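Participant: take a look and give me a structure for this.
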Amino acid sequence: MPIKNRLAETHAEITSWRHHLHAYPELGFDVHETAAFVTERLRGMGINDITNGIGQTGVVAVIKGCKDTKGRVVGLRADMDALPILEASGVDYASKVPGKMHACGHDGHTSMLLGAAQYLSENRNFDGTVVLIFQPAEEGGGGGREMVNDGMLDRWNIQEVYGLHNTPGLPVGEFAIRSGSIMASADEFEITVTGKGGHAAAPHDSIDPNVTAAHIILALQSIASRNVDPLEAAVISVCALHSDIDTHNIIPQMTRMTGTVRALKDSIRSQVEARIKKIVTSTAEAYDCKAQVEYRLGYPVTINHDAQTKYAAQAARTVAGNVDIDMPPIMAAEDFSFMLNKRPGAYIMLGNGDGALLHHPEYRFNDDAIPAGCSWYIEIVEQRMPMQ
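Facilitator: Take a look at the predicted model:
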């Protein structure tokens, strides 16, 4: 793997940054200490064009190349937030904040972008401008959306934007990508079914919302199997079911269920939403209940642009040799999608090796992947804005 010599020299330092961030995780938009740490490191590199508070708590920093003959601007993004998980990794730098953990490797992403920033600020071997994007609240908060809504892309004239994510199961330092839909949309629904409560020994005097809810759950599974084209992808998962009664002998008045919808195309996303609403209302009516559906659009489909996917793959190929350019799409979601909806760009996966999966209490980011991730960020810049 042709890692730049400077990154081999700074690997231990970048790893120490990662371990510090791992020990002090923060959630959502409440990443004030993380943002301060990022800002302090950037200033220590001699980068002074830094703006805090973009998208509430995001950090944006600018590095100018040795030349700027074409006015080209490339954005590089990393996420900073952790998860509300009690860590069980066993590492000696484990989270010092009970119930919070970097279980998705955002500490690694942030550290790798800092490592790339250090190299780029020292060498500036590119013709144009790099905009470093340190984003809060990827884990459900929509920090990417907030940074876009804050005018980040226009304010810094970002023309292309790139990001990466570590991937357990992919060999350390290897890369995988695909053009088009690479990650799914993520929407949420809350269904409230109202019946008539009563004694469990006299169900005929009641209208049981639990029975109705059970039929709704089963009927929702027919959407993916009988309404969506079998060559397309859709996931409808009911993940929680609660009633207003918690005892063994009372039929509740109301039952509420919550869940998520995933799709790889906007057309499928809309189709599923419409079918959920129709199935819920019709099924409830058939059982003499009333039902209400709250449907919240979340993260859009993450769609890699064709040309930028090729650029991202070429940068990865320079770093790691062979690159999987036809990886299967993932039904998880990513709010980098909000940036890709506004600017051409690409999102790539970086191998984290064997071990626990993302969002697991035993997950461990693999520090051996750091040089490859830093190098990829750097290669994107130097190949998209060459000095020639």
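Participant: and the next helix or strand past the longest helix seen in the chain?
Facilitator: Using DSSP state H, we find that the single longest helix of the chain is helix 266-286. The helix or strand immediately downstream of helix 266-286 is strand 290-299, counting by DSSP states H and E.
Participant: gap between that following strand and the chain center?
Facilitator: 22 Å (CA atoms, centre = their mean, to the nearest Å).
Participant: ok, now stretch 277-295?
Facilitator: Its chain's C-alpha centre and that of stretch 277-295 lie 32 Å apart, by CA atoms, centre = their mean.
Participant: buried residues of it, list them for me.
Facilitator: By 16 or more other CB atoms under 10 Å, the buried positions in stretch 277-295 come out as 279-281, 283-284, 287, 289, 291, 293, 295. C-betas here are computed from N, CA, C, even on glycine.
Participant: below-threshold pLDDT in this protein: ranges please.
Facilitator: Applying pLDDT under 70 to the chain flags residues 1-2.
Participant: geometrically speaking, which residue is the centre of it?
Facilitator: Geometric centre of the chain, nearest residue: residue 334, 3.0 Å, by CA atoms, centre = their mean.
Participant: might you report the residue contacts of that one?
Facilitator: Neighbour list for residue 334: 138, 165, 183, 299, 302, 347 [criterion: CB atoms under 8 Å, 6 or more residues apart in numbering].
Participant: that older thread, and the buried residues of stretch 277-295, which two are furthest apart?
Facilitator: Farthest pair in those (CB to CB) is 287 and 295. Separation: 21.1 Å.
Participant: quick one: contacts for the residue lying closest to residue 179 once chain neighbours are set aside?
Facilitator: Leaving out its chain neighbours, the residue that sits closest to residue 179 by CB to CB, 6 or more residues apart in numbering is residue 309, at 4.2 Å. With contact set as CB under 8 Å, 6+ apart, residue 309 has these partners: 177-179, 325, 346.
Participant: residue 309: what secondary structure?
Facilitator: Following DSSP: H, G, I helix; E, B strand; the rest coil, residue 309 is assigned to helix.
Participant: ok, now how distant is it from residue 61?
Facilitator: To residue 61, residue 309 is 26 Å away according to CB to CB, to the nearest Å.
Participant: I'd say residue 196 and residue 253 touch.
Facilitator: Yes. At 6.9 Å, residue 196 counts as touching residue 253 under the criterion of CB atoms under 8 Å.
Participant: okay, the two: which has more neighbours?
Facilitator: Shown here are residue 196 and residue 253; by other CB atoms under 10 Å, residue 253 has more neighbours (17 against 14).
Participant: excluding residues flanking it in the chain, which one is nearest the more buried one?
Facilitator: Nearest to residue 253 is residue 197, by CB to CB, 6+ apart, at 3.8 Å.
Participant: quick one, helices of this protein?
Facilitator: 5-23, 32-44, 106-123, 143-149, 152-155, 209-222, 266-286, 306-320, 337-340, 370-384.
Participant: got a markdown table for these, with distance to residue 92 too?
Facilitator: A markdown table is the format used below for the helices of the chain (distance: least, CB to CB, whole Å):
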| stretch | distance to residue 92 |
| --- | --- |
| helix 5-23 | 9 |
| helix 32-44 | 20 |
| helix 106-123 | 15 |
| helix 143-149 | 30 |
| helix 152-155 | 37 |
| helix 209-222 | 44 |
| helix 266-286 | 44 |
| helix 306-320 | 29 |
| helix 337-340 | 36 |
| helix 370-384 | 18 |
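Participant: which of the ones you listed sits closest to residue 257?
Facilitator: Of all the helices of the chain, helix 209-222 comes closest under CB to CB, at 5.9 Å.
Participant: from the contact counts, what lies against that closest one?
Facilitator: The contact analysis (3 or more CB pairs under 8 Å, 6 or more residues apart in numbering; DSSP states H and E) places helix 209-222 against strand 185-194, strand 234-243, strand 254-263, helix 266-286.
Participant: thought residue 315 was touching residue 380?
Facilitator: Yes. With contact defined as CB under 8 Å, residue 315 counts as touching residue 380 (4.8 Å).
Participant: number of nearby residues for the residue lying closest to residue 264 once chain neighbours are set aside?
Facilitator: Nearest non-adjacent residue to residue 264, counting by CB to CB, 6+ apart: residue 181, 4.3 Å away. Applying other CB under 10 Å, we find 19 residues neighbouring residue 181.
Participant: and residue 181, bridged to which residues?
Facilitator: Per DSSP bridges, the residues bridged to residue 181 are residue 303.
Participant: quick check: it touching residue 305?
Facilitator: No. Applying CB under 8 Å as the test, residue 181 and residue 305 come out as separate, 11.5 Å apart.
Participant: now residue 187: closest residue in space, sequence neighbours ignored.
Facilitator: Distances taken as CB to CB, 6+ apart place residue 261 nearest to residue 187, at 4.5 Å, with adjacent residues excluded.
Participant: burial count for the one you found?
Facilitator: Around residue 261 there are 25 residues (other CB under 10 Å).
Participant: now do residue 149
Facilitator: Residue 149, neighbours per other CB under 10 Å, totals 11.
Participant: cool, and the one 3 residues further on?
Facilitator: Counted with other CB under 10 Å, residues neighbouring residue 152 total 24.
Participant: now do residue 234
Facilitator: Residue 234: 23 neighbours (other CB under 10 Å).
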